[in-house]
Every structure is written in structure tokens, then in C-alpha cells.
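1. A structural model of the following input is requested.
(one chain, ligands or ions: 1)
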Amino acid sequence: MFEIKNVSRVFGQEYALKNISLEIKGGLNFIIGASGSGKTTLLKILSGLDQDFTGEAYYRQQSLKALSTEEKSEYYNKKIGIVWQEFNLIDDLSVFDNIKMPLYLNDAMSDELVMYTMKQLKINELANQKVRNLSGGQKQRVAIARELVKNPEVIIADEPTAALDPKSASIIVNILKQIAKTRTVIIVTHDRSMLDDKSSIYEMDKGEIISTTLKEQGKTITSKKTTNPALSLKRALSVSITNVKSKIGRYAVLALAILVSTSFLLMNTSGSIQNSSQNGFEELYESIGEGLLDVEIAASFISAGGMSGSEDEQKPAVDVNQDIAGLYDKYLKDERVEHVVFAQAVGNIKVVIDGKEHTIETSNNVPVFKKLLAGKMPMGDGNEVVVSSSLGDIVGLSNKELIGKTIDLSGTLFNWDSGQPVEMPVGTTTTIVGVADTTMVVENNGEFKEYPVDDSFFFSKSSVMEMRGQANMASKTSNFSMRAKSPEDMISLKDELLANGIVPNGRFELVEDMVRLNDQAKEQSGSAVIVISVLALVVSLAVSFMTAAMRKKEYAIYKINGYTNSHLTKITLLEYLLVGIAAIVLFLVTSPLINMAMKSFTGSGIVDVTTFAIAGGLIILLSGLCGVVASMVIPTVNMFKSLKSGDR
Ligand SMILES: Nc1ncnc2c1ncn2[C@@H]1O[C@H](COP(=O)(O)OP(=O)(O)OP(=O)(O)O)[C@@H](O)[C@H]1O
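-> You can find the predicted model right below:
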């Protein structure tokens, strides 16, 4: 069965095996000798674990030195079974799952075979117990059962009784002797009490065979025709599920770590970083109103000395005239503009509504637009108007009821064409399309005061033109005001107007300061979030790597039962896929909490389906990455070192 010809193994200058030759046939075989005599070195060669020797070693004419990775996998899974002094079972798996483990690579996998073997070894009642709770003798029986289900041609036992009490040791020896009746058993030991006169005995000393006692051979299993062990995706998933279940705490921590890093990464990717200075904006909006973002364009105004700059401030007040023709139409369709309204003041207004005439008090103020309360802005082609909500109080109609009413409006306009104000009567029949809050907010020493401006009417272009025509005004263009969609849009509009030689009016400095502050805070909280997410990512990867490193012995146990690196990588990646799925479920369950945390940290939360989809994708990506990092440990596993750890 085994043929060893002139084999030597040297470590440094020292010979662990010195030109030994032996043949092992069927039945029970003992390799004995004192500590350091070379028994383990020989065992490693017989089991294909050490291929770095001189001479020749064959198993059934197959060179052990030339075994490829695939051939080794087949050798371990179908031809030989190794029973170790320290059992080498997976402590967190049940007795049943430990014994079944090699069978996933085997076409003949069946739970009945596992049950049958457990019965034979009288451990069937322990089937569901975790291995870590068993006695040494019970563990060794589980280890033997795991090797037996493979139906191997040879069982090699390395000091199988050394860790057992005498009673358990004698049970194990008897079991091995029984097994030797049907297949080859090789026992490596220094315990001479195990020997009997029916077994072949090879005695070693200082790396040499010093005596050989050959006895009549028992039965051997005729060489089996076997195939390369394969692990289907379904079976790999079964192994992964069993593993995850057995170490649920470890995988829960991983899922949690992935969840935390995803949450922080989400703050970067979903662009939801807001910040505390947003509150500053909100406060301003609340006190000043959305009018904070208004950009006013006037054909003429009196400048107190320019927009800013100490030099300009010294300049005397000047009349500024600028050509604003066409600008209303231009900005009506601009992406950055929320709405455009004419700032056309009409005095002595009388409104006929539902046949009744109402007089509106003249404020001598330009119309004030704080906020649209109902309807829409007067930006259509026909005669349209937005009125103050105070009109509703005067005529006894709600904001909603006002909308759609056609009114006759009359009043006066001042024509300045001659340089002197000439009051002209005007009138228009127009339809109410919206109702606005027309309260004026004035800031005085940091305090905001509100004044109602009831004669604020906002006309569409055609109504304004109609009235300006009646007042014989030469200019076809009235002053107007446009509201930017965002602070950034407002600044961009101002810059564009200035570049085109138009001086606009608005609270630009205030908004510019806010934008600057906002950007700074965004940058700071953005980099804090990046640092935290990178940290969380590193922690997840480190936890994965460390967990994998802690599993080296477990991976070695799989390998000595025939699993290849690619089988184990498949299992590990599937485990991390399961972790990812668990993290997604955890994310969905805890999303209200995560939402709250993100809101308090960044000012905005995860609310929409897109964010949830990104979260799902990120979790799977991260789990995959952790799986890949964990899998990198697999090829580095030194089987013999991991399985004999602490033994040398
Ligand atoms: N990896 C190694 N590196 C260096 N020396 C080694 C190594 N493995 C074995 N040796 C040496 O080879 C000799 C034989 O060791 P081996 O482990 O085969 O003996 P053994 O009979 O199995 O001993 P024990 O019963 O104590 O396990 C010893 O002198 C040992 O120090």
C-alpha cells in the first residue's frame, strides 16, 4: 500500500529521517519510537503534508511527492483519514455537523450514513451537542467517525490516545483495532502498551527504522475509483449557513460593523451632508421670509455711493439709470429663478369685486412680496394679478375663494418722464391667480419688525403694460423683482447682472456670508464624516481579517478533509453574503434610529427609496470586500502547523 524507498528528510544540518525504506500493507501497523525519533516526520510524508524529502514515497503506485493540489484534495477526502492526538474537531459545530463535514465534497453524502456511523461508535445520542462540551474520549470517537464516513482506504492515527484517560484510551484502541479488520490502520505512538502480537510494528530511533515486525495482513479495501471532490454552490451555501449559525455572535458583530460603516458612508454618497449653519439660514428665512433671496432690478435709482468698498462710500449720492429692457422676459424662464414679479406701485387703488367696490389704503411703498399663500405667480400671458391676503379680509373671502375672481382695478401711476411726477389715472380688468403674504420685514439693530403693505398688487406683464400705456409712460419696462431658488443661485444671478452692467438690489452680503459659512461647515462636517466612515470601513475589514486569522485551525481541518482553497473561498464569500443580507435586514429594522442619528449629525436623514437602494448596494459591496479580505487568509494556512499547534 505504502512504499517508502531511501527517504531522507533534513532540517538544517539534522536528519529527521535517514535513508529509510519500508513497506506498509493492510491490517494494523504501529510506528513506534522515542520522542524525536522521526515518527511525525514519517507521518507527514505518508499523508502528503510534507513533499520536501529525498528518496521516493508511493501510495498505491502514486508518488506522494508529485501529488498536485487536486490530487491531495482527493487523497484527503477519499483515500486517507487522519486521527489526531488533539482531535482537530470544530468546537462550535455539533457532533453531527462535524462528522458530516467531509461529505459535502462527496457524491455519497447522506445523513443516514452519518447516523449509522455515530451508532457504530456509540455517539448517536450526542448528535446535537456542540463538540466543545464533550469529554476527550467522546471527542476522539467523533474524530474517528468523521474519518470513517469518508470510507477511506487507510486511517492514520497520530498518538490517538495520548490526550485520553486509560479507560477512554483502551476504548479508542479497540475501535481502531476493529477498523483494522477491514482497512489499513497506521498508528503512530510511543505507548508500547497498545502493541499486540498480531500487528506489524516499525520501530524508529534517531531517524532510522531499527526493527520491523511484519504480521499476517488483514483485509485492505481495493483501490477505489474516485473523482475530484467538487463543492456545488448549494452545498457550499449549506456549509456557510451551518457555520454562521454556529458562531452567530461573531457574525452579528460583523453585520453591525458593516452596518455602521455603511451608515457613515451613506452620509457621503447620498450627498445628504447638511450642517448646523443651515439652521442659521432657516432662522433668517423665518424672520425675513423667502424675500431674503429676492433680486430687484430697477431702471433707475439713487445710489448712495456704489455697492461696497470704502472708496465708494465717500462718493456723493448719484442717480443711476440702466437699461433693463428685455430682462423680465429673459429671467422669466431662467432655471435659477423661482418667480419674477413687477414691482409696479399703483396708488389710490379701488377694487370692484363681485360688483362691490372696495378702497385700499395707500401705503406709498413699493409692493412687498413675502410669500405665496395660495395659487400661482402672475407669469402667464393674459391679465393676471396676485393680491394681498388682506384683500380677503376686506372683501370677506378666503384666499382660495379669491382665486379665479376677475376684478376691476383702478388707481393712479406717477409718470416721471418729464422729470416731475405727474399722477395719471389707470385701470385694468384682471384675474386673481394667487394670494400672497405682503408683510414687510424691516431689520433695525438686529431686531426684525413687520409692517403690513396692503396695497401690494403684482400684475402680469400684460396688465402692467396696459396701465403704463394709459399713463403715457414712454418706457415699456417696469422695475421687477425675481426670487432665486437658492442662495447660490442668488449670488450667481447678481454676479451675472453686474457683469452685464446692471446693478441689482438685494441682501447679497448677508447671503454671501451665509453661503461661505455654509460651505465651510459643509467641508468640516464632510471631512469628519469621511474620517469616521474610513475608520468604520477599516474596522470592518480588520474584524474580518482577524476573524479569518482566528479560523486558521478551522480552515486547516477543512483542508485535511479535502477542501481546497477555492472551496473555502466560496464558503467564506457566501458567509459574508449572509452577513450582508443580515446587515440589510438590520438596516431596514433600525432605519428609523439611523435616520434620527444621521439627522442630528448631518441635518438630514435617509428618507427616500434611492438612499435605501444605495444602502443595500453599499452593504453588499462592503460585505463582499470583507469576504475577500477574509479569504486572503485561506491560502496562508499551514495545515500541519495549525493542526499540531501547541504539540511541539
Ligand atoms: N519543522 C522542523 N524543523 C526543525 N526540526 C524539526 C522539524 N520537524 C522535526 N524536526 C526534528 O526532527 C527530528 C524528528 O522529529 P519528529 O517530530 O519526527 O519526532 P517524533 O518521533 O515524532 O517525536 P514526538 O514523539 O516528540 O513527536 C527531531 O529532532 C526534531 O527536532
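2. Contacts only, for Asp417.
-> 472-475 (CB atoms under 8 Å, 6 or more residues apart in numbering). All C-beta spots, glycine's among them, are computed from the backbone N, C-alpha and C.
3. Now the helix or strand where Thr428 lies: buried residues?
-> Element membership for Thr428 (DSSP states H and E) is strand 422-437. Neighbour counts over strand 422-437 (16 or more other CB atoms under 10 Å) mark 424, 426-428, 430-437 as buried.
4. After the helix or strand bottoming out on mean pLDDT in the chain, which helix or strand is next? Please name it.
-> Least confident helix or strand, the chain: helix 310-313 with a mean of 47, by mean pLDDT, DSSP states H and E. As assigned by DSSP H and E, the chain's next helix or strand after helix 310-313 is strand 318-321.
5. Taking the stretch 451-600 of the chain, what residue is nearest to the ligand?
-> At 15.9 Å from the ligand, Ala556 is the closest residue in the stretch 451-600 of the chain, using CB to the nearest ligand atom.
6. List the residues that contact that residue.
-> 88, 637-639, 642-643.
7. So what's the residue count around the closest residue to Pro229 other than its chain neighbours?
-> Excluding the flanking residues, the one nearest Pro229 by CB to CB, 6 or more residues apart in numbering is Leu105, at 3.5 Å. Using other CB atoms under 10 Å, Leu105 has 26 other residues around it.
8. And Leu105, how close does it get to Asn77?
-> 5 Å (CB to CB, to the nearest Å).
9. shared neighbours of these two, which are they?
-> Joint contacts of Leu105 and Asn77 (CB under 8 Å, 6+ apart) are 229, 561-563.
10. right, and the pair among those with maximum separation?
-> The largest separation in these, counting by CB to CB, is between Pro229 and Asn561 at 9.2 Å.
11. shared neighbours of these two, which are they?
-> Counting by CB under 8 Å, 6+ apart, the residues touching both Pro229 and Asn561 are 77, 105.
12. Mind checking which of the shared contacts of Leu105 and Asn77 are in helices?
-> Using DSSP state H, the subset of these located in helices is empty.
13. buried subset of these?
-> Buried among those (16+ other CB under 10 Å): 229, 561-563.
14. Can you name the residues that contact the closest residue to the residue of the stretch 451-600 of the chain closest to the ligand other than its chain neighbours?
-> With sequence-adjacent residues excluded and distances taken as CB to CB, 6+ apart, Ala556 is closest to Ser642, at 3.7 Å. Applying CB under 8 Å, 6+ apart to Ser642 gives the contacts 552-553, 555-556.
15. Most neighbours among these, which one?
-> Neighbour max across the contacts of Ser642 (other CB under 10 Å) = Tyr555, 23 neighbours.
16. Quick one: residues contacting it.
-> Here Tyr555 is in contact with 568, 633-634, 637, 642 (criterion: CB under 8 Å, 6+ apart).
17. what's the closest non-adjacent residue to the residue of the stretch 251-400 of the chain found nearest the ligand?
-> The minimum distance from the stretch 251-400 of the chain to the ligand, using CB to the nearest ligand atom, falls at Leu254 (34.7 Å). Nearest residue to Leu254, sequence neighbours excluded (CB to CB, 6+ apart): Val579, at 5.1 Å.
18. What's the end-to-end length of stretch 440-454?
-> By CA to CA, to the nearest Å, the extent of stretch 440-454 from end to end equals 10 Å.
19. can you list contacts of the host helix or strand of the residue of the stretch 251-400 of the chain closest to the ligand?
-> Assigned by DSSP H and E, Leu254 belongs to helix 248-269. By CB under 8 Å, 6+ apart, the surrounding residues in contact with helix 248-269 are 244, 272-273, 526, 529-530, 532-533, 536-537, 539-540, 543-544, 547, 575-576, 578-580, 582-583, 586-587, 590, 594, 597-598, 601-602, 606, 611, 614-615, 618-619, 622-623, 626.
20. Now which of these would you call buried?
-> 244, 272-273, 526, 529, 532-533, 536-537, 540, 543-544, 547, 575-576, 578-580, 582-583, 586-587, 594, 598, 601-602, 606, 611, 614-615, 618-619, 622-623, 626.
21. In JSON lines: the buried ones among the shared contacts of Leu105 and Asn77, plus pLDDT and distance to Gly347.
-> Shown next, in JSON lines, are these (pLDDT from 0 to 100; distance: CB to CB, whole Å):
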{"residue": "Pro229", "pLDDT": "82", "distance to Gly347": "97"}
{"residue": "Asn561", "pLDDT": "94", "distance to Gly347": "98"}
{"residue": "Gly562", "pLDDT": "93", "distance to Gly347": "98"}
{"residue": "Tyr563", "pLDDT": "95", "distance to Gly347": "93"}
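22. Turn the residues you listed into TSV, columns for distance to Ser492.
-> Below are these laid out as TSV (distance: CB to CB, whole Å):
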residue	distance to Ser492
Pro229	67
Asn561	68
Gly562	68
Tyr563	63
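23. quick one on the thing from earlier: which one of the shared contacts of Leu105 and Asn77 is nearest to Phe369?
-> Tyr563 (74.9 Å).
24. what's the distance between the closest one and Thr636?
-> Look at Tyr563 and Thr636: by CB to CB, they are 15 Å apart.
25. for Val503, same thing?
-> Look at Val503 and Thr636: by CB to CB, they are 72 Å apart.
26. So which of those two has more stuff around it?
-> Val503 (15 against 11).
27. so the more buried one, which of the three states?
-> Classification of Val503 by DSSP: H, G, I helix; E, B strand; the rest coil places it in coil.
28. That one and Gln322 touch, don't they?
-> Yes. Between Val503 and Gln322 there is a contact under CB atoms under 8 Å: 6.6 Å.
29. Can you pull the phi and psi angles for the residue of the stretch 151-300 of the chain found nearest the ligand?
-> In the stretch 151-300 of the chain, the residue that lies nearest the ligand is His190 (5.6 Å; CB to the nearest ligand atom). Per-residue torsions, His190: phi -110, psi 10 (degrees, to the nearest 10).
30. Next, count neighbours for it.
-> Look at His190: counted by other CB under 10 Å, it has 15 neighbours.
31. Is it in contact with Phe30, as I believe?
-> No. Counting by CB under 8 Å, His190 stays clear of Phe30, with 10.3 Å between them.
32. neighbours around Lys461, how many?
-> 23.
33. For it, which residues are in contact?
-> Taking CB under 8 Å, 6+ apart, one finds 328, 342, 381 in contact with Lys461.
34. cool, and Tyr59?
-> 1-2, 46, 75, 79-80, 154.
35. can you pick the most crowded of these?
-> Most surrounded of those: other CB under 10 Å gives Val154, at 25 neighbours.
36. Widest-spaced pair of the contacts of Tyr555?
-> Farthest-apart pair in the contacts of Tyr555 is Leu568 and Ser642; separation 12.9 Å (CB to CB).
37. Could you confirm the residue nearest to Ala556 falls within a strand?
-> No. Ser642: not assigned to a strand; according to three-state DSSP it is helix.
38. that older thread, now render the buried ones among the shared contacts of Leu105 and Asn77 as CSV, adding distance to the ligand.
-> Listed next are those as CSV, based on distance: CB to the nearest ligand atom, whole Å:
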residue, distance to the ligand
Pro229, 28
Asn561, 22
Gly562, 24
Tyr563, 24
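39. do stretch 13-21 and the ligand meet at all?
-> Yes. Judged by CB under 6 Å from any ligand atom, stretch 13-21 and the ligand are in contact via 14, 16.
40. Return the distance of the helix or strand that contains Gly469 from the chain's centre.
-> Assigned by DSSP H and E, Gly469 belongs to helix 461-470. When distances are taken as CA atoms, centre = their mean, to the nearest Å, helix 461-470 is centred 60 Å away from the chain's centroid.
41. and what of stretch 56-64?
-> 51 Å.
42. avg pLDDT for it?
-> The average pLDDT for stretch 56-64 rounds to 94.
43. Pull the number of nearby residues for Ser261.
-> Around Ser261 there are 25 residues (other CB under 10 Å).
44. now the residue nearest to it when sequence neighbours are not counted: how far from Met596?
-> Take Ser261 and drop its neighbours on the chain: the residue closest to it by CB to CB, 6+ apart is Ala536, 3.4 Å away. For Ala536, the distance to Met596 (CB to CB) stands at 18 Å.
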